[in-house]
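S.K.: Model the structure of this input:
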Amino acid sequence: SFVGLICLASVIAKSIKEAGGYIAPLYMIVMIMSFSVMFANFKDKMWPYFVPIYGNIISIKDVITFETDIPSAITACISTLILTVVLVILIIKAFDSEKMMKNI
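M.R.: Purely as a prediction, here's the structure:
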């Protein structure tokens with residue numbers, strides 16, 4: 001899903017420099033989410049797993065610490081799959097848009 005966000009930002013951008021400007025905040029947001037998982041305690045809470053990228057980070061942490069909960073991992077995978085499908089649809093619409101293609 002993160003690759004889909006980067007791809008969408010790249011499609012929307014008019015130049016490589018502008019794409020880098022769009023992608024840099026995405027990298028920072030993902031890094032902040034990754035570091036915040038180290039300090040968060042989500043025992044018996046399901047809502048964080050519904051957040052696509054954040055839920056995957058929590059699931060990876062659970063696997064590494066041998067605290068894997070199957071329903072939570074499945075929830076994280078499903079939410080990421082839904083986001084990926086939405087991003088692919090948006091990327092396809094961006095490529096089909098004449099306005100976007102004139103920028104290339």
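S.K.: Would you mind confirming that residue 50 is in contact with residue 79?
M.R.: Yes. Between residue 50 and residue 79 a contact is recorded at 5.1 Å, counting by C-beta atoms under 8 Å. All C-beta spots, glycine's among them, are computed from the backbone N, C-alpha and C.
S.K.: In terms of neighbours, single out the busier of the two.
M.R.: Neighbour count, other C-beta atoms under 10 Å: between residue 50 and residue 79, residue 79 has more, with 19 against 14.
S.K.: Assign a three-state SS to that one, would you?
M.R.: Following DSSP: H, G, I helix; E, B strand; the rest coil, the label given to residue 79 is helix.
S.K.: can you check residue 44 too?
M.R.: coil.
S.K.: can you count the residues close to it?
M.R.: Using other C-beta under 10 Å, residue 44 is surrounded by 6 other residues.
S.K.: do residue 43 as well
M.R.: Per other C-beta under 10 Å, the neighbour tally for residue 43 reads 6.
S.K.: End to end on stretch 62-73, go ahead and measure it.
M.R.: With C-alpha to C-alpha, to the nearest Å as the measure, stretch 62-73 spans 9 Å from end to end.
S.K.: quick check: mean pLDDT across that stretch?
M.R.: Stretch 62-73 shows a mean pLDDT of 87 in the predicted model.
S.K.: Now it: buried residues?
M.R.: 62, 72-73 (16 or more other C-beta atoms under 10 Å).
S.K.: chain center to that stretch: distance?
M.R.: Relative to the chain's own centre, stretch 62-73 is displaced by 19 Å; criterion: C-alpha atoms, centre = their mean, to the nearest Å.
S.K.: Then stretch 11-21?
M.R.: With C-alpha atoms, centre = their mean as the basis, stretch 11-21 stands 19 Å off its chain's centre.
S.K.: Show me which residues of that stretch are buried.
M.R.: In stretch 11-21, counting by 16+ other C-beta under 10 Å, buried: 11, 13, 19.
S.K.: ok so, going back, sitting in helices, which of the buried residues of stretch 62-73 do you find?
M.R.: Residues of those located in helices (DSSP state H): 62, 72-73.
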